[in-house]
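Sequence plus predicted model, see below.
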Amino acid sequence: MTDTNSPSPSRRSLLGWGGAGLALGAAAAGGAVAMARTEDDTAPAAAGSAIAFHGPHQAGIATPVQDRLHFAAFDVTTDDREVFVQLLKDWTEAARRMTAGHPVGEGAYGGLAEAPPDDTGEALGLKPSRLTLTIGFGPSLFEKFDLADRRPEALVDLPKFAGDNLDKNRSGGDLCIQACADDPQVAVHAVRNLARIGFGKVVIKWSQLGFGKTSSTTPEAQTPRNLMGFKDGTRNIAGTETDRLEKFVWVDGKDGPSWMEGGSYLVARRIRMHIETWDRTSLQEQEDIFGRDKGEGAPVGKAKERDEPFLKAMKPDAHVRLAHPDSNHGATILRRGYSFTDGTDGLGRLDAGLFFLAFQRDVRKGFIPIQRSLATDALNEYIQHVGSALFAVPPGVRDKDDWWGRTLFSKEA
Amino acid sequence: MRPVRSLHAASAIAVAAALAAITGCTEKSDAQDGDHVINVTATDDKCQVSKKEFPAGHVELAVENKGSKVTEVYVLFPDDRVVTERENIGPGTKQRVTAEVKAGDYQIACKPGMKGDGIRQAVKATGGKAVQRDPRLDKAVAAYRAYVQAQADETLPKAEAFAKAVQDGDLEAAKKAYAPSRIGWERTEPVAESFGDIDPKVDVREDGLEDGQDPATDWTGWHRLEKALWQDKKIGTREKDLAGLLIKDLKDWQNRVGKAEITPTSMANGAKELLDEVATGKVTGEEERYSHTDLVDFKANVEGAQKSYDLLKPVAKENDAALVTELDEQFAALDKLLDQYRPTPTSYDFTSYDKVGKADRKELSDAVNALAEPLSKLAAAVVK
């Protein structure tokens, strides 16, 4: 949480923001509308505030990482292109409202008594909580709606990596929604309402909750620890590093296809950690495996977390050494993963681990070479990749007339 | 049946009663001035109305809160029953509240601070523009009432055949007669459930018994016999008695079902409730956990929902053509899917549900969700 003196606006007080159109809609929807503004509404994204939905890139990538995640992969069930395009438009409108802290449609109460409310209501009274909603299109979508010739070359079918034990019920999907927020209920509300709007057109294939961020895209912030107790991905790309974002994250016009310009590619991997055996591992071995010390997170032989690592000082199979750009011809990804715990596995062990999310300009120059390099990672004894998906993340929604996926589905693009 | 018994009894009836004469709703559309618009100015100590007499029919309250407290505005019958209301009207904001009112005396109440009896204004709705239900809806209700009665009438002989097989001690014949004896009940379950007392006697599952009820003595009805036939594989004196009791209780249903309170809204919501039954009981295989005849109930639930929908369709189509297109499509898709689980499109000899794999169950569940979501909007399309 950021330290700020200005009171964070509640979802309700935010109803007054965003122009007359939105305010009117909210007034009709919400019944009581306190028009009060917070004292300082120009403050940068304070905890609880709203993140801009419109922009050249989708929010939820370079955005400072929020605390919680609800990620959902969907399969498309309609074979009617128009119906699907309308869904994308309806979703965009709902996302526009929810990220601003408004309920969807005509709200959660006050409407026709005989009809179920448009919004499910559990986010009423909660702050926008820096909610971002990010859409991605999976390879299988391009087998539908005559999209085959629009499938980006970079949207490959991920190869099988050493140690993969993928569950098809936790892998793939025609499209995905990544919902990140500082309040878990706000993230869950967003996915739930989008899924509801999607009934009859799409079905949820799998979903994942993440309870704690494991990455930071804010250089001044500490790298959060994963469930193994280590800081990992210290050299992550920061949201402010425009040059590295251009170089490693955003798809450039000359990369092709043109509809992906300003977009990115998202790799999602559900990585189960064998945390019980990890916890029985000696401190020395744990530190050797990562190539960092546990307390500070400093690379082997260094004092501070962000000191430049000297890779040769680490064991040849140390995680940092194998994952480092210098070991992978400069391959660099923007990590945005979350820790998860989905109860227990029936054998008295926590079903826990890392829901790894990484954005990159080209997965063939990002995740794939890095993951290949990790084939000999000493960490592999303690982890197993059990879910996998790749999505083409289209560019941002420019303005109120724009919609998710327009550049893919419009003829002129 | 429903696992949580205490909730169901009131649902259909309550909605029916609320809508019998009066429809209260709120709208966001801009007001057109006219006879039917009443300006209500609420302050901390006043509740001013622009007119005290207005024509019966559609009325619209244009409420402005000029006070410092959050307020509420009510339209009340003389006995304080609520015609329509709007809560949480913040200081400085405007709200619109609409209602359909018959000729008669009413009160408009503003409640600054949302407490107490409020500041009252007596008003009067006059003239002949009383609320009249679309005659097509009256026809739909009458046709549905006939359908519900016919389902009960057709069920009795089938249930008697089932009971006879049990009383004859014929295990195989009883098993065969079990699922068919339930079809008429499952098609019209929300109406039967509206009586409250019949469903717990004939269609309760063991886990649906209330605290303090002993399964050995208090558990009656179809599912108790289902367990005896499939799980225990024996018919004793108790089972024979219970078969007789089932017929007695079903006759009670047959006698009373024609008098159930049915409205267009309860029909529409009943259709949705049938899909809820499918979603929570049948798709999971919980309803018929011993006989695995869940798909028979599933089909019957969908048929009952389709009946209500077909009867309401002409009116719904006028109010929301897109919804009707969507519902036609989703009913057809679900029917097509269900047909894959029976030998012919008229047979009720469905695949045993324990033979339906996880992926196929998900496909069925997805199809139910695809239909139930738009079906939840049918009531609004009927009363609009």
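Great, that's in hand.

okay, CA-based contacts and neighbour counts for the rest of this
Noted.

and the residue of chain A nearest chain B?
A:G200 (3.8 Å; Cα to the nearest Cα).

Which residue lies closest in space to that residue, excluding its sequence neighbours?
By the measure of Cα to Cα, 6 or more residues apart in numbering or on different chains, the closest residue to A:G200 outside its immediate chain neighbours is B:A370, 3.8 Å from it.

what about the one you found, which SS state?
State at B:A370, reduced to three classes by DSSP: H, G, I helix; E, B strand; the rest coil: helix.

and the gap between it and A:V203?
Separation of B:A370 from A:V203 (Cα to Cα, to the nearest Å): 9 Å.

Next: B:H58.
Remark: distance between B:H58 and A:V203 (Cα to Cα) = 41 Å.

same deal with A:R97?
22 Å.

more crowded one of these two?
Each of A:R97 and A:V203 has its neighbours counted (other Cα atoms under 10 Å in any protein chain shown); A:V203 has more, 25 against 20.

Tell me where the stretch 101-250 of chain A has helices.
Here the stretch 101-250 of chain A has its helices, by DSSP state H, counting those that start in this stretch, at A:184-198, A:242-248.

Buried deepest among the ones you listed, which one?
helix A:184-198 (a mean of 22; mean count of other Cα atoms under 10 Å in any protein chain shown).

What parts of the stretch 151-300 of chain B come near chain A?
Within the stretch 151-300 of chain B, the positions near chain A by Cα under 8 Å from any Cα of the partner chain are B:T265.

Helix, strand, or coil at the closest residue to chain A within the stretch 151-300 of chain B?
Closest to chain A within the stretch 151-300 of chain B is B:T265: 7.5 Å, counting by Cα to the nearest Cα. Under the three-state scheme (three-state DSSP), B:T265 adopts helix.

and B:L327, what does it touch?
B:L371, B:P374, B:L375 (Cα atoms under 8 Å, 6 or more residues apart in numbering or on different chains).

Flag the shaky bits of chain A, pLDDT-wise.
Within chain A, the segments meeting pLDDT under 70 span A:1-47, A:411-413.

Now for the nearest residue to A:P325 once chain neighbours are set aside, how many residues are close by?
In this structure, A:P325 finds its nearest non-sequential neighbour in A:A331, 5.0 Å apart by Cα to Cα, 6+ apart. Using other Cα under 10 Å, A:A331 has 21 neighbouring residues.

I'd assumed A:A331 was in a helix, is it?
No - the assignment for A:A331, made by three-state DSSP, is coil rather than a helix.

doesn't A:I368 make contact with it?
No - taking contacts as Cα atoms under 8 Å, A:A331 lies outside contact range of A:I368: 9.3 Å.

rewinding a little: any chance of the helices of the stretch 101-250 of chain A in TSV, with distance to chain B too?
Converted to TSV, the helices of the stretch 101-250 of chain A look like this (distance: least, Cα to the nearest Cα, whole Å):
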stretch	distance to chain B
helix A:184-198	8
helix A:242-248	39
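
So what's the residue count around the residue nearest to A:G200?
B:A370: 26 neighbours (other Cα under 10 Å).

Could you check how far it is from A:L283?
Distance, B:A370 to A:L283, by Cα to Cα: 52 Å.

give the contact list for the residue in chain B that chain A sits nearest to.
Closest to chain A within chain B is B:A370: 3.8 Å, counting by Cα to the nearest Cα. Contact analysis of B:A370 by Cα under 8 Å, 6+ apart lists A:F199, A:G200, A:K201, B:Q330.

Just give the closest residue to the last one, not the sequence neighbours.
Looking back up the chat, that one is B:Q330. Counting by Cα to Cα, 6+ apart, B:L371 is the residue found nearest to B:Q330 once chain neighbours are left out, at 5.1 Å.

Quick one: neighbours of the closest residue to A:K247 other than its chain neighbours, just the number.
Once flanking residues are discounted, A:K247 sits nearest to A:R361: 7.6 Å by Cα to Cα, 6+ apart. Neighbours of A:R361 under the rule other Cα under 10 Å: 27.

how about the helices of chain B, start to end?
Here chain B has its helices, by DSSP state H, at B:5-19, B:135-167, B:171-178, B:183-187, B:189-193, B:199-202, B:215-218, B:222-226, B:237-256, B:264-277, B:294-319, B:321-339, B:358-375, B:378-383.

Mean pLDDT for those - can I get that in CSV?
Below are these laid out as CSV (pLDDT from 0 to 100):
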stretch, mean pLDDT
helix B:5-19, 38
helix B:135-167, 95
helix B:171-178, 97
helix B:183-187, 97
helix B:189-193, 90
helix B:199-202, 94
helix B:215-218, 92
helix B:222-226, 97
helix B:237-256, 96
helix B:264-277, 91
helix B:294-319, 97
helix B:321-339, 97
helix B:358-375, 95
helix B:378-383, 89
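
quick one, which of these is nearest to A:C180?
helix B:358-375 (25.8 Å; Cα to Cα).

hmm, back to that, go through the helices of the stretch 101-250 of chain A and name the closest to B:D207.
helix A:184-198 (29.2 Å).

List the residues that contact A:E143.
Listed by Cα under 8 Å, 6+ apart, A:E143 has no contact partners.
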